[in-house]
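Student: Next one to model:
(chains A and B)
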Amino acid sequence: MEADEKIEKISSQTLISNSPSKRIRIRPLTKASLVLRGTLVVLVLLTAYTFYTIDVKDVNFVQGMIGTAKNVKVMFLEPHLSHFSFSHALYQVMITLGLAFLTTVFGAIIAVFLSLFAAQNLSSKRVSVVIKGFAAFIRAVPTVLWVLIFAVAAGLGSVAAVIGMTFHSISYLIKAYSESFEELDKGVIEALQASGASWWQIVFQAVIPSSISYMISWTFMRFEINFAVAVAMGAAAGAGGIGFDMFMASSFYYDIREIGAVTYFILVIAILLEVLATQIKKRLKVNI
Amino acid sequence: MTALLEVAHVSKKFGNDTKALSDVNFSVREGEFVSIIGPSGAGKSTLLRCINRMIDASSGEINFDNVNILSLNKRELKKTRTKIGMIFQHYNLVNRLTVIENTLHGRLGFKTTFAGMLGIYTEEEKQQAIKILNVLGLNEQIFKRSDQLSGGQKQRVGIARALIQNPRMLLCDEPIASLDPSSSKVIMDHLKNISVKMGITVLVNLHQVDVALKYSDTIIGINGGQVVYNGSPKNITPDDIHRIYGSEAGKLIFDMGEIHAG
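Tutor: Okay, here's the model as predicted:
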């Protein structure tokens, strides 16, 4: 009897001591969640402080918004070409496309060979780490900066743009290619090795045929990126093409209607490239 | 008949203390059909790969066709590898290429690097490939992509790729482990044919004891990296099976074997 009472006492005590004082936490407060909350609070405070201290001079916020909207309306609803003709614009777009194409092709050819040595299943670990490290470093610096760096030697213009863009394309494609090479089943390489095939034969007979569709879709992806970069290069590095005309229209003539027209040109090309890319990928999936 | 392959005192260590093989000795005659059986991790695959030096043995001697394989340099090794075909559990074909292209890969070791890279084969090689594929019953699949084939068909392409090397010996690493019983039978019948009619030595790693007993001239049982049985399948006793698989499961293996065979 006594023992029973004791048990009852203990259990009721624990119940009481548990229930009112502490609420049950579903999500435990770990170090990671504390850091996350701290970061969010700091960001909110910084944003509030910025808005409070921002120097807007005499610009009325509402008027500013309305003015911008008007500009956008003029730019995109009333586009026209005043300083150059339609055929000139088309020609310049072709130059920009040419720049993108050239740098992608150069980049792809060089990257194929380097990525063979960067893929861990085809090369030694040391060589792979060195090449991948270099590629990561090159990728970390934006393309525009590379172009400006090469402009020191080649002068501002198309040569610097081609070298700089190729440089960045190589490192981008090395990563893409080598990763698709690494996905190849180890056994396939082993099978060909066991039959006495050499390294180059294995690469061209097994590795590249297996990853060709990945390679083509990555290359096309880079071509699209390079087209966008080539537009910017026209303005930033004087590489010519539609980007330079856009730069002149915006900062020299201040003709926002012409900016709108050029933007439409670039948009159409970008859409065409996208459609082409989807078509190619579709074919690849069926045939290869 | 003379011994085509002689394995003497072969050991293989991975790292410092993991011993995959220790003091393995056996010899194989020309045209013999040998099955290597043993539990998973016993060293069957390691042993097979030591023979064509996909893995380098730590010590010992492997004589194939009167050449010590362990002493070969890179170029001589490639030449010797062309005389040894290899077949794998997962077929290891290039999925995106056609059956005949995969078959012709067996000829790469005979070609110059450049011709091999570009996949330039002579008409005779192509005819031989078609002939071999016909023998293996793949005449309708010749121009199909190999990822459209069934497992049994893929393995037959694997055999074709090995046969076009005109090998003296075939190494088969669990060729039927991923196949259903009827495809397994087709593959094993082909392998047996190859050894009997073409006089090619066949070394097979197997998990199916009943299959090994049915097809082989010789059984080599391996456990813990050591050869614990080497002899004819007729003389093998349940005791031997116990020693190979290191368990009391001998009875079970025999029973399961009968069920599988049926």
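Student: which parts of stretch A:187-194 are buried?
Tutor: By neighbour count on 16 or more other CB atoms under 10 Å in any protein chain shown, the buried set for stretch A:187-194 is A:188-194. For glycine as for every other residue, the C-beta is placed from the backbone atoms N, C-alpha and C.
Student: Just give me the residue closest to the centre of the chain.
Tutor: No chain specified, so I'll use chain A. A:Ile225 (7.8 Å; CA atoms, centre = their mean).
Student: sorry, should have said chain B
Tutor: B:Cys172 (1.6 Å).
Student: if I've got this straight, that residue is in a helix?
Tutor: No. Using DSSP: H, G, I helix; E, B strand; the rest coil, the assignment for B:Cys172 is strand, not a helix.
Student: ok so, going back, state the helix or strand in which the residue nearest to the centre of chain A lies.
Tutor: helix A:208-236 (DSSP states H and E).
Student: How about the residue of the stretch 151-288 of chain A found nearest chain B, nearest residue that isn't a chain neighbour?
Tutor: Nearest to chain B in the stretch 151-288 of chain A, going by CB to the nearest CB, is A:Gly196, at a distance of 2.6 Å. Counting by CB to CB, 6 or more residues apart in numbering or on different chains, A:Gly196 lies nearest to B:Gly109, which is 2.6 Å off, once chain neighbours are set aside.
Student: The one you found: what secondary structure?
Tutor: Of the three states, B:Gly109 takes helix under three-state DSSP.
Student: tell me, how many neighbours does it end up with?
Tutor: Under the neighbour criterion other CB atoms under 10 Å in any protein chain shown, B:Gly109 is assigned a count of 22.
Student: list the contacts for it?
Tutor: Applying CB atoms under 8 Å, 6 or more residues apart in numbering or on different chains, we find B:Gly109 in contact with A:195-197, B:78-79, B:81-82, B:165.
Student: Mind giving me the PyMOL command for buried ones among the residues you listed?
Tutor: This is how PyMOL selects the buried members of those, with burial counted by 16+ other CB under 10 Å:
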select buried, (chain A and resi 195+196+197) or (chain B and resi 78+81+82+165)
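Student: and which of the contacts of B:Gly109 is nearest B:Glu6?
Tutor: Of all these, B:Glu6 sits closest to B:Arg81, with 17.7 Å by CB to CB.
Student: and B:Ile84, what are its bridge partners?
Tutor: Note on B:Ile84: beta-bridge partners by DSSP bridges are B:Met169.
Student: Run through the residues that contact it.
Tutor: A:194, B:51-52, B:64, B:165, B:167-171.
Student: For chain A, what's its nearest residue on the stretch 101-250 of chain B.
Tutor: B:Gly109 (2.6 Å).
Student: What distance do you get for that residue to B:Glu6?
Tutor: Applying CB to CB, to the nearest Å, the value for B:Gly109 to B:Glu6 is 23 Å.
Student: Would you mark the buried spots in the helix holding A:Ile225?
Tutor: Buried residues in helix A:208-236, counting neighbours by 16+ other CB under 10 Å, are found at A:208-211, A:213-220, A:222-236.
Student: Which parts of the stretch 1-150 of chain B are helices?
Tutor: Along the stretch 1-150 of chain B, counting by DSSP state H, counting those that start in this stretch, helices occupy B:44-51, B:74-81, B:99-104, B:113-118, B:123-135.
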